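Student: here is my input, please return the structure:
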Amino acid sequence: MRQVLGHIIWVILMALIMGWLARSRLAPHPGQTPGVLRYPRSFFVVSWVCFGFFVAAAMLSSIFPGKAGPAIVPLIFLGFSLIPIPAIAEFHRVWFRLEADGMSYGRWFGNPRVLHWSHVTEVRYSESLKEFRIEAGDAAKVRVSVMLSGLPEFAETVLREVPEFCIDRETRRVLGRTARGHPPAIWM
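Tutor: Here you go, the predicted structure:
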C-alpha cells in the first residue's frame, strides 16, 4: 500500500508541475517583446531544481553510503545531474524572432541565423518530440519546441507565410489549434 501511495503522489506532483509549465508558456511575461519566442522562466526553474536534486542526492549518498558501496551511487546521481544541463543551455541560447520575411533564431553554438519564409520546403509537427520542424531549401532545419512562449503568433505567421503545399494536413491542424490559443500538450 505504501508503494502505491508513493506512485500516486508522484503522478500528482508531476501533473501539477507539467500543468504549471504548460500554463506558464501561455502567460504573457512582463517586458516580453511581441514576435519573440523564448522558453518561460518555469522551464529554467524546473531545470535547476532537477540539477540540484541530483547533486543533493549524490552528496547525501556519499555522506550516508548504502550497501552498494561508497563510490558507485554518488557517481550515478552525479551522472543524472548532467541531464538538465542541455535544458539550461537551451533556455539561455535558443530564441526565435518572427520578422516580415522570415524568422531569425539563436542556436546553442554559433551566430544567430535567419530562415526566410520563401525558402521553406516543409513544415512538420512531431508529436513524439513535441516540436515543429521547419526545413528550407538551403538545408536549414529549424526545430521549434512546444515549450516556447509565443507559439500562437508563430503558428499564425507560419500559416500565413508558408505555402499550403509545404505543410501536411495534420501539421496544419495543429498549427490552426495553436494559432487559436490551444498549443499541443507538453506531456504525453
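Student: domain boundaries for the protein, per the record?
Tutor: According to the domain assignment given by automatic domain parsing, the chain is divided into the following structural domains: 2-89, 96-179.
Student: let me see the mean pLDDT of the longest one.
Tutor: Translated: domain 2-89. What domain 2-89 shows for mean pLDDT is 82.
Student: let's see the distance spanning that domain from one end to the other.
Tutor: From the first residue to the last, domain 2-89 extends over 38 Å; the measure is C-alpha to C-alpha, to the nearest Å.
Student: deepest in the core, which of the domains of the chain is it.
Tutor: Comparing those on average neighbours per residue, with mean count of other C-beta atoms under 10 Å, the densest one is domain 96-179 at a mean of 16. The C-beta positions use only the backbone N, C-alpha and C, and glycine is treated the same way.
Student: separation between residue 152 and residue 179?
Tutor: The gap separating residue 152 from residue 179 is 6 Å, by C-beta to C-beta, to the nearest Å.
Student: I meant to write residue 101 there.
Tutor: For residue 101, the distance to residue 179 equals 20 Å [C-beta to C-beta].
Student: center of the protein - which residue?
Tutor: Most central in the chain under C-alpha atoms, centre = their mean is residue 147, positioned 3.9 Å from the mean C-alpha point.
Student: is that one part of a helix or strand, or is it coil?
Tutor: Secondary structure, DSSP: H, G, I helix; E, B strand; the rest coil: residue 147 is coil.
Student: got phi/psi on it?
Tutor: Taking degrees, to the nearest 10, you get phi -80, psi -10 for the backbone angles of residue 147.
Student: list the contacts for residue 61?
Tutor: 73-74, 77 (C-beta atoms under 8 Å, 6 or more residues apart in numbering).
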